[in-house]
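Q: got a predicted model here, sequence first, then my questions.
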Amino acid sequence: MTVTLTPPAAPSRESASAPSSTASVAAARARSAEIEAQIAADPSRFRVLTGERPTGALHLGHYVGTVANRVRLQRAGVEVVLVIADYQVITDRDETGDLRGTVREIVLDYLAAGIDPERTTIFTHSSVPALNQLLLPFLSLVTTAEIERNPTVKAEALAAARRQGRPMSGLLFTYPVHQAADILFCHGNLVPGGQDQLPHVELTRTVARRFNQRYAAASPYFPEPDVLLAPAPTILGTDGRKMSKSAGNALELRDDEDATARFVRRAKTDSERHVTYEPDRRPEVANLLTLGAFAAGTTPEALADEIGAGGAGRLKHVVTEALVEHLRPLRARRRALAAGDGPDPLDVLARGNARANEIADRTLDDVRDLMGMRY
Ligand code: TRP
């Protein structure tokens with residue numbers, strides 16, 4: 001058999017333009033709108049796979065940017081699978097901290113936010129051996145040059161070459177292919193996320209397509225997943241940079257109402273009196289409007305109109321009230337769960353891991369059959 005790594009001649013989505021070019025972002029937006037309509041008509045066609053690295057408890061940026069959207073999809077009847085990607089934590093650091101404690105906090109955050117473990121599967125990478133084994137055949141389907149084109153890998157390679165940061169580990173180099181295994185082990189066909197997910201999912205599509213061509217030509221085995229672009233823009237922290245735990249600019253979901261008020265008080269604004277929603281020109285004011293509108297169930301534009309001449313003081317007051325109000329039930333649930341009222345987060349995880357293992361074992365079994373590795 002001729003083994004080729006070149007893409008098929010047929011029109012493919014890995015076209016000349018980079019996955020994050022304006023044209024492909026516009027295409028991804030159009031595709032996401034189509035998918036939203038399909039979800040409304042028949043949610044059972046989709047299985048969502050997404051997740052995060054357990055580097056800390058979840059913050060408001062995670063919640064507004066992704067977790068709330070997962071809860072929405074779950075409630076719409078889409079099957080959701082969430083990976084707590086513990087193997088990704090060791091891609092770029094030696095110290096993992098208290099992983100078990102961090103994972104527990106994240107499960108608590110999910111449950112408090114409305115993730116229902118009866119409908120949504122939560123699992124940890126390291127607990128699902130068959131998923132990780134898929135990495136080996138998948139690595140054979142891509143070239144090192146293709147991996148090097150992944151923006152995250154490229155940025156790390158550049159930094160390492162300039163001796164900024166640490167040398168890149170082999171696990172970091174292969175992590176885009178590992179993510180393909182995360183998505184494909186459960187036949188996930190939808191990955192919600194921002195534009196930064198586009199190149200990752202493109203590589204997953206490549207892996208799926210080549211696997212199908214090579215081993216399952218008669219009837220494609222893996223789906224080629226789509227990105228469902230997130231409705232909310234990236235949330236900024238108090239200093240106007242992307243919210244993240246390591247930047248020290250975040251409001252954690254487990255924080256209380258005083259911390260919420262402090263967070264909004266400290267948030268940067270600008271010197272213009274009249275409040276308007278102009279994300280490009282006034283990112284900090286736009287960020288507060290996004291948060292306030294999300295919490296109050298309105299649009300940033302409408303909220304800006306409502307506040308207008310009230311200025312930054314009024315804006316901060318309104319956003320604080322809206323956030324405190326919106327997060328009240330979530331925080332109450334979280335406190336109750338943390339105090340042992342409700343399912344134990346580590347039990348929820350154990351059940352999720354059992355289910356993920358069932359799915360992954362079945363997939364690896366099929367893959368062995370398709371590859372002729374049945375002994
Ligand atoms: N890398 C993602 C993050 O840090 C987490 C993740 C792991 C993921 N595997 C994935 C996201 C597969 C989407 C699909 O948040």
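A: Looks like it arrived, so ask away. Numbering: from 1, shown residues only.
Q: what residues does this structure have near the ligand?
A: 49-53, 83, 85, 88, 179, 182-183, 191 (C-beta under 6 Å from any ligand atom). For glycine as for every other residue, the C-beta is placed from the backbone atoms N, C-alpha and C.
Q: helix or strand: which one has residue 228?
A: Per DSSP states H and E: residue 228 is located in strand 226-229.
Q: right, and the helix or strand after that strand?
A: Using DSSP H and E, the first helix or strand after strand 226-229 is helix 257-266.
Q: leaving out chain neighbours, which residue sits closest to residue 171?
A: In this structure, residue 171 finds its nearest non-sequential neighbour in residue 91, 4.9 Å apart by C-beta to C-beta, 6 or more residues apart in numbering.
Q: secondary structure element holding the one you found?
A: Counting by DSSP H and E, residue 91 is part of no helix or strand.
Q: tell me the contacts of it?
A: Counting by C-beta atoms under 8 Å, 6 or more residues apart in numbering, residue 91 touches 169, 171-172, 175.
Q: ranking these by neighbours, who comes first?
A: residue 175 (24 neighbours; other C-beta atoms under 10 Å).
Q: and residue 368, how many neighbours does it have?
A: When neighbours are defined as other C-beta under 10 Å, residue 368 has 14 of them.
Q: surely it is in a helix?
A: Yes: counting by DSSP: H, G, I helix; E, B strand; the rest coil, residue 368 falls inside a helix.
Q: how near is it to residue 331?
A: Residue 368 is 47 Å from residue 331, where distance means C-beta to C-beta, to the nearest Å.
Q: before we move on, what about residue 53?
A: To residue 331, residue 53 is 24 Å away according to C-beta to C-beta.
Q: for stretch 183-198, buried residues please.
A: 183-193, 195, 197-198 (16 or more other C-beta atoms under 10 Å).
Q: now residue 81: which helix or strand?
A: If you go by DSSP H and E, residue 81 is part of strand 79-84.
Q: pull the CA atoms of that strand into CSV?
A: Provided in CSV are the C-alpha atoms of strand 79-84 (Å, rounded to 0.1, in the frame of the first residue of the first chain):
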residue,chain,number,x,y,z
GLU,A,79,-24.5,15.5,24.2
VAL,A,80,-21.5,17.2,25.8
VAL,A,81,-18.2,15.6,26.8
LEU,A,82,-15.8,17.6,28.9
VAL,A,83,-12.1,16.7,29.2
ILE,A,84,-10.1,18.0,32.1
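Q: so what does it touch, helix or strand wise?
A: Applying 3 or more C-beta pairs under 8 Å, 6 or more residues apart in numbering; DSSP states H and E, one finds that strand 79-84 contacts strand 47-52, helix 68-75, helix 99-113, strand 120-124, helix 345-370.
Q: what comes up buried for that strand?
A: Across strand 79-84, burial judged by 16+ other C-beta under 10 Å covers 79-84.
Q: just want the angle from that strand to helix 345-370.
A: If you take axes from the mean of the first three to the mean of the last three C-alpha atoms, to 10 degrees, strand 79-84 sits at 100 degrees to helix 345-370.
Q: so residue 277 makes contact with residue 301?
A: Yes: the criterion here is C-beta atoms under 8 Å, and residue 277 meets it with residue 301 at 5.0 Å.
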